[in-house]
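# fold the following for me, if possible:
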Amino acid sequence: MRTRRPGGDQPGGPSAGRGDRVAPRLGKQAEIDAGARPGLTTAESAEIAELQREIRELRRANEILRAAAIFFGAELDRPRVK
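The predicted structure follows:
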């Protein structure tokens, strides 16, 4: 269940005045997506974000694998007692 912020739907609440800033940005982004203005398109931005998430995930996996290799490598270096 989502919690509501006090005054979020009321005039003068936390979201008041955002429309003035969002509309021009969306217009500019539409122009970029249409090729009329230079910049990253929405699709390019989404692809970059996805690739950055993938990089973070791969780096985390590499850290885990390095730690496991160190752990098991140390296990192999120990002399075995019979």
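
# what's residue 36 sitting at in phi/psi?
For residue 36, the backbone dihedrals (degrees, to the nearest 10) come out as phi -80, psi -10.

# got a pLDDT number for it?
If you check residue 36, the pLDDT there is 91.

# residue 46 versus that one, what's the distance?
20 Å (C-beta to C-beta, to the nearest Å). Glycine gets a C-beta too; all of them are placed from N, C-alpha and C.

# show me what the helix or strand harbouring residue 27 is packed against.
If you go by DSSP states H and E, residue 27 is part of helix 18-34. Other helices and strands packing on helix 18-34, by 3 or more C-beta pairs under 8 Å, 6 or more residues apart in numbering; DSSP states H and E, are helix 42-77.

# run the chain-centre distance for the helix it packs on.
15 Å (C-alpha atoms, centre = their mean, to the nearest Å).

# pLDDT weak spots in this structure?
Low-confidence regions of the chain, defined by pLDDT under 70, span residues 1-19.
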